[in-house]
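Peer 1: here are the coordinates; sequence isn't available:
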């Protein structure tokens, strides 16, 4: 019989380009720190956004969809432990958004973590004329992500977290984009589909787990400060996960159906 290990906590939050020294960013990071996470993915963030957490940080600038300052990063990945086998590129298709992958040790052992900022529906690289058609950059990114996920090592569990820029199950947007997300994450389960506990709304920021992992609990982190002021246009999402040594908890596939 296997012995149950400690769980691991994964958090993702789009901080809406808030400077690390701003009231909003400091409050968001304070809320994250209070959860004692093991891995954090911040999107539309800055170099230095996770400074208050200590630990180990990697990041990627990603594509520019509008004017940015030098220290802005599409994806920032934080861990309690060092990162190894860092891949800030993935493939050409992934250069349409923000992508970085690396391996870190968690209470569940080594895990391959993919941090993503998937292009929003009207995304188009700065300077490109005419602008890219709606959804085209997202679908291209997802084609690239599919190849990375498909090459997953059999020895390592995988977590894909960040800003997916899609509701799961689909609420709006073309079916082609929803299908592209489903194909990209084939073999993984998105455990953040549907209404999110704590905020009672669906998310576009998600966490997907490979079959070696199961979610124990999922909840949202409110995006309003103590005075009711909005800190970001996204709320945070947290997932506590464990090794899948027993039947999986209920999780949604991309269509919104519960996985068996």
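Peer 2: All right, it came through fine. Note that this is a predicted model, so its numbers are computed, not measured.

Peer 1: Which helix or strand lies directly C-terminal to the strand or helix carrying residue 85?
Peer 2: Element membership for residue 85, per DSSP states H and E: strand 83-87. Sequence order places strand 98-106 as the next helix or strand after strand 83-87, per DSSP H and E.

Peer 1: Could you list every helix and strand in contact with that next one?
Peer 2: strand 39-46, strand 56-60, strand 72-79, strand 83-87, strand 109-117, helix 136-150 (3 or more CB pairs under 8 Å, 6 or more residues apart in numbering; DSSP states H and E). Quick note: C-beta positions are derived from backbone N, CA and C, even for glycine.

Peer 1: State the paired neighbours of that strand in the sheet, together with their directions.
Peer 2: strand 83-87 (antiparallel), strand 109-117 (antiparallel) (DSSP bridges).

Peer 1: Without its sequence neighbours, what residue ends up closest to residue 167?
Peer 2: residue 202 (4.9 Å; CB to CB, 6 or more residues apart in numbering).

Peer 1: try residue 190
Peer 2: Nearest one to residue 190, counting by CB to CB, 6+ apart, is residue 208 at 4.7 Å.

Peer 1: Show me what that neighbour bridges to in the sheet.
Peer 2: residue 160, residue 190.

Peer 1: What separation do you get for it and residue 96?
Peer 2: Using CB to CB, to the nearest Å, residue 208 is found at 19 Å from residue 96.

Peer 1: Who has more neighbours out of the two?
Peer 2: residue 208 (28 against 25; other CB atoms under 10 Å).

Peer 1: Identify the residues contacting the more buried one.
Peer 2: 159-161, 185, 188-191 (CB atoms under 8 Å, 6 or more residues apart in numbering).

Peer 1: run the last query once more with 10 Å
Peer 2: The contact partners of residue 208, by CB atoms under 10 Å, 6 or more residues apart in numbering, come to 114, 116, 149, 158-162, 164, 168, 181, 184-185, 187-193, 239, 251, 254.

Peer 1: How about residue 6?
Peer 2: 38, 106-108, 242-243.

Peer 1: If you rank those residues by neighbours, which is first?
Peer 2: Busiest of the contacts of residue 6 [other CB under 10 Å] is residue 38, holding 24 neighbours.

Peer 1: Give me the pLDDT value at that one.
Peer 2: Looking at residue 38, its pLDDT is 98.

Peer 1: So what's the predicted local confidence for the residue nearest to residue 167?
Peer 2: For residue 202, the predicted pLDDT is 98.

Peer 1: Touching, it and residue 218? I think so.
Peer 2: No. Applying CB atoms under 10 Å, one finds residue 202 not in contact with residue 218, separated by 11.9 Å.

Peer 1: which one of those two has more residues nearby?
Peer 2: Using other CB under 10 Å as the criterion, residue 202 and residue 218 rank with residue 218 on top: 21 against 15.
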